[in-house]
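Sequence first, then the predicted structure:
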There are 4 protein chains.
Amino acid sequence: MKGSVRDQIVDAASRLFYEQGYNATGINQIIAEAGVAKASLYQHFPSKEDLLAEYLSNESERAMTKLHQEVSNHDTVQKKIAAVFDTLGRSIRQPGFRGCHFLNIVSEIPIDNTRIRNIIQKQKNEVRQLFKTILKEVKKTELADEFYLLFEAALIAAKVHRAEWTIKTAKSMAAKLL
Amino acid sequence: MKGSVRDQIVDAASRLFYEQGYNATGINQIIAEAGVAKASLYQHFPSKEDLLAEYLSNESERAMTKLHQEVSNHDTVQKKIAAVFDTLGRSIRQPGFRGCHFLNIVSEIPIDNTRIRNIIQKQKNEVRQLFKTILKEVKKTELADEFYLLFEAALIAAKVHRAEWTIKTAKSMAAKLL
Amino acid sequence: MKGSVRDQIVDAASRLFYEQGYNATGINQIIAEAGVAKASLYQHFPSKEDLLAEYLSNESERAMTKLHQEVSNHDTVQKKIAAVFDTLGRSIRQPGFRGCHFLNIVSEIPIDNTRIRNIIQKQKNEVRQLFKTILKEVKKTELADEFYLLFEAALIAAKVHRAEWTIKTAKSMAAKLL
Amino acid sequence: MKGSVRDQIVDAASRLFYEQGYNATGINQIIAEAGVAKASLYQHFPSKEDLLAEYLSNESERAMTKLHQEVSNHDTVQKKIAAVFDTLGRSIRQPGFRGCHFLNIVSEIPIDNTRIRNIIQKQKNEVRQLFKTILKEVKKTELADEFYLLFEAALIAAKVHRAEWTIKTAKSMAAKLL
DNA sequence: AATGAATGAGTTTTCATTCAT
DNA sequence: TATGAATGAAAACTCATTCAT
C-alpha cells in the first residue's frame, strides 16, 4: 500500500514543508511521519536541502502540468487567461492552502542559495512562458510579464490576507488589459 | 554614541531579521551584535516574537511615513501613483535589498500566528488605504486594490528574480489602468 | 562538595579523554558523568576541541610542576636526571596508566590541527628545556635532546608493551650517557 | 589494471587509515575511494577492525622486509645499526609521512583491544629481535632494547615535532652506546 | 562474489528561555 | 536595570553494520 521508502520520505517532507515551512520542519518529524529510519533519509538525500530541491522540482512539474492542462481545455485567448486565474482560485479555496509553494520558500532561504533560487526562478519563468505562448496567438506577447505579475500578486496577496478577492481582482485586471 | 540597550537590541535584531530572515537569526547573534547580555534582551522583550513584532511595527511606520512623504511631493494623481512605484524602485536598487520586510516574514511564521499576521495585514491595508486616498481625488477608489496588487507583485517578483523590470512593468500597468 | 559546573565538565572530560581517548569520548558521556546539561558545556567551551585544549594545558602544567618539584628534591645532576625517570616510573605503575597524555592525543588529531599540536609541542619543549636546565650545571646541555628522546621512548614503549622495563632501560641509558 | 575488489578495499583503507587515522576514517569513505559496494567490503572483512588488522599486518611485513633488506646491504655491526636509522630517516623525509603506522594506532584503540595490540607488539618485538640479531655478532645483545628504545624515540618525536633531528640524534646515540 | 537499500544508535552543536545574583 | 550561568529540547548529520536480492 505504502510506496517505497524514498517515496514515503518525499511525500512526508513535501507535505510538511508546505504546511509548516522549510525551516520549521525538522528531519526528525519527516522520518517520523514517513515511518523510516534517519539514515534511510540520508541514503536517498545527502542533505535536507536536496530534499527541498526534490520537493520544489516535483511541485513545479505538477503545477505546470496542471496549468497547461487547464489552459488546453479552452480555445480563445481570453478563456485561456481566465483559466489560469481560475486554477489559482481553486487552489486557494482548498482547505490546506498555504500560499505559493515557491514564494513560500524564497523567503526562507539565504540570498546566496543560488541552487534553490534557480529552481524557483525556473518555475516562475515557465509561468511567464505560458502566458507568452497563450498571447502569441493574438500577437500580444508583450503582455506576458504583466499577466505574470498579476499571477504573483494574486498568490502572495491571497496568502497575506487569507482572502480570495485577490484572485478575482487580478483576473479582472488581466481581462481589462487584454 | 550608541543608543540605549533597548535600542541596540532592536537595531541589531531588525538588521539581522531582514538580512538573514527571522528563523535563521538566533538570540545569541542578536545579543552579540547588540553588545548586550542575554537576560537584558529578555528584560525588554519577553520572547523573540515580541522582538519580531517590534521590528515589523517600526518598519511599517517607517515605510508608511516614507510613502506618504514621497506622495505628498506631487500634485496630480498620476504623479502620486508613479511616486509610489518610484519609491519601490529606489528601495530595490539599494545594495542591501532583500525583498519586502513583511512578505519575507509572512512565509516564516506558522499560519495560526495571528498576532504577527495582524501586524503584516495592518501594514498592507495601510498601503491599500494610501492608494484609496490618492484615488479619491479622481473618484476612482475602486482601483485601489488593483494598484495594491501591482505593488505586491512588483515587490515579490523583484525578490524572486532579483530584477528591477518588475517595478517598471507594474508602474506602467498602473498608468495604463488609471 | 562538587566543584563548579565548569570544573565538573573539565574533570569528567579530562578523565574520559585519558581513559578512552579523545575521539572515543562523546559529549554525551562527558555531560552525563559531569552531571550537567549539554548546553552548559557549550556555554563554557565553544567546541569539543576547546575542551581538549583545556585538558592538555592543565595536564601540561600539572606534569611540569610535578617534574620540577621532583627534580628540586635532589642536588646532583645524576640524581636530578634519575628523578625524572623515577617520576615516569611512578606514573606508569599507577593502575590507571594509559600512556602519555600528549602522545596519546597527537595520534588522534589531523596533521593540520596546529592549535592542538602547538600545545603538545610546547609541553614537550618544556621537558627538553628542563633537561637543558639540569645539564647546564655540568655544561652538558648538548645531552638535553638525547635525554628528552629517552624520556619519549620510555613513555611510548611503556604504552605499547604495557611494561615497566622501558623506564628502567631508558634511565640506565641516561646514566651511561652522562 | 585495478586489482581485485579485496585489494582495492585494502589499498584504500590502508592509505586512509594512515593519512587520517583509524577513527577518522569511515566505512563510506573507504568504499567510495575503493570504488566498491558497501556489502562487498563486509563480504571480505567482517568488521572495520578486521580491515585494521589486515592493514597493520601488511604494513608490518612490508616494514620488516625493508629493514632486513637495508641491513643486509652492510657488513659491519656499526653500519647495520646505522642503516636502520637511515631507513627511518628516509621514511620521515617522505612527503606523506604521518608517523609510525603502529604507534599511531596504539593511541586510537581501547586498552582492552588485545587483538590489535598483539599485532602491534609483535611488530615492535620483531624490531627488537632485529637489533638482537645484529648485535649477536659482537656479543652485545644486551644493547638491543636500548637501540629499540632509540628507534621508538626517533619515530614518535619525529611525529610530535615534525622534525628530522630526532633521527640524527637517535642514530648518534646508538653509535655512542655501541 | 557482489550489491543498493535500510537501519538504530550515535555524533557535535544550537535553539529560545529561565534563574540566581 | 542589568547580567553570566544554566538548561531541556531539538537541530542536521554520520556511524558501523545487516539484509534481501
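Great, that's in hand.

State the helix or strand in which the residue in chain A positioned nearest to DNA strand E lies.
Closest to DNA strand E within chain A is A:A39: 2.7 Å, counting by CB to the nearest atom of the strand. Placement of C-beta: from N, CA and C, glycine included. If you go by DSSP states H and E, A:A39 is part of helix A:38-44.

how about stretch A:169-178 as CSV, C-alpha atoms only?
Taking C-alpha atoms only, stretch A:169-178 is exported to CSV below (Å, rounded to 0.1, in the frame of the first residue of the first chain):
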residue,chain,number,x,y,z
THR,A,169,-9.3,41.3,-8.9
ALA,A,170,-6.2,40.0,-10.7
LYS,A,171,-8.4,38.1,-13.1
SER,A,172,-10.4,41.1,-14.0
MET,A,173,-7.3,43.3,-14.3
ALA,A,174,-6.0,40.8,-16.8
ALA,A,175,-9.2,40.9,-18.8
LYS,A,176,-9.1,44.7,-18.8
LEU,A,177,-5.5,44.7,-20.1
LEU,A,178,-6.1,42.2,-22.8
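
list the buried ones in the longest helix belonging to chain A?
Assignment by DSSP state H gives helix A:48-72 as the longest helix of chain A. For helix A:48-72, the neighbour count (16 or more other CB atoms under 10 Å in any protein chain shown) marks A:48, A:51-56, A:59-60, A:63, A:67, A:70-71 as buried.

what does stretch A:88-105 give?
In terms of neighbour count (16+ other CB under 10 Å), stretch A:88-105 has its buried residues at A:88-89, A:91-92, A:97-105.

Give me the nearest residue to the residue nearest the centre of chain A, chain neighbours excluded.
With distances taken as CA atoms, centre = their mean, the residue of chain A nearest its centroid is A:H101 (4.2 Å). Sequence neighbours aside, A:E59 is the residue nearest to A:H101 in space, at 4.6 Å (criterion: CB to CB, 6 or more residues apart in numbering or on different chains).

give me every residue that touches that neighbour.
A:14, A:101-102, A:123 (CB atoms under 8 Å, 6 or more residues apart in numbering or on different chains).

and these as JSON lines, adding pLDDT and secondary structure?
Output for the contacts of A:E59, formatted as JSON lines (pLDDT from 0 to 100; DSSP: H, G, I helix; E, B strand; the rest coil):
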{"residue": "A:S14", "pLDDT": "97", "secondary structure": "helix"}
{"residue": "A:H101", "pLDDT": "98", "secondary structure": "helix"}
{"residue": "A:F102", "pLDDT": "98", "secondary structure": "helix"}
{"residue": "A:Q123", "pLDDT": "98", "secondary structure": "helix"}
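
For chain A, just list every one of the helices.
Per DSSP H, chain A carries helices over the ranges A:5-20, A:27-34, A:38-44, A:48-72, A:77-93, A:101-106, A:114-136, A:144-161, A:165-177.

Would you point to the one among those that's packed deepest?
Mean neighbours per residue, mean count of other CB atoms under 10 Å in any protein chain shown, is largest over the helices of chain A for helix A:144-161, with a mean of 24.

in chain A, what spans have low per-residue confidence?
A:1-2 (pLDDT under 70).

what does it put close to DNA strand E?
Contact residues, chain A versus DNA strand E (CB under 7 Å from any atom of the strand): A:4-6, A:36-40, A:42-44.

Between which two of the residues you listed is the distance greatest?
A:S4 and A:K38 (17.0 Å; CB to CB).

hmm, the helix holding A:A39 touching chain D?
No - with CB under 8 Å from any CB of the partner chain as the measure, helix A:38-44 is seen stopping short of chain D, the closest distance being 10.5 Å.

Which secondary structure elements does that helix sit against?
Applying 3 or more CB pairs under 8 Å, 6 or more residues apart in numbering or on different chains; DSSP states H and E, one finds that helix A:38-44 contacts helix A:5-20, helix A:27-34.

between the longest one and helix A:27-34, how many degrees?
Relative orientation of helix A:5-20 and helix A:27-34, computed by axes from the mean of the first three to the mean of the last three CA atoms, to 10 degrees: 120 degrees.

quick revisit: I'd like to know which of the buried residues of stretch A:88-105 is nearest to B:K79.
Closest to B:K79, out of all of those and judged by CB to CB, is A:L103, at 31.0 Å.

show me what contacts that closest one?
A:152, A:155-156, A:159, B:107, B:156, B:160.

Just give me the closest of those to chain D.
Of all those, chain D sits closest to B:S107, with 35.6 Å by CB to the nearest CB.

what about the closest one, neighbour count?
23 (other CB atoms under 10 Å in any protein chain shown).

For the closest residue to it other than its chain neighbours, give me the backbone phi and psi.
Closest residue to B:S107 apart from its sequence neighbours, by CB to CB, 6+ apart: A:S107 at 4.0 Å. As for A:S107, its main-chain torsions (degrees, to the nearest 10) stand at phi -90, psi 0.

returning to that earlier point: for the residue nearest to the centre of chain A, what are its contacts?
Taking CB under 8 Å, 6+ apart, we find A:H101 in contact with A:18, A:55-56, A:59, A:63.
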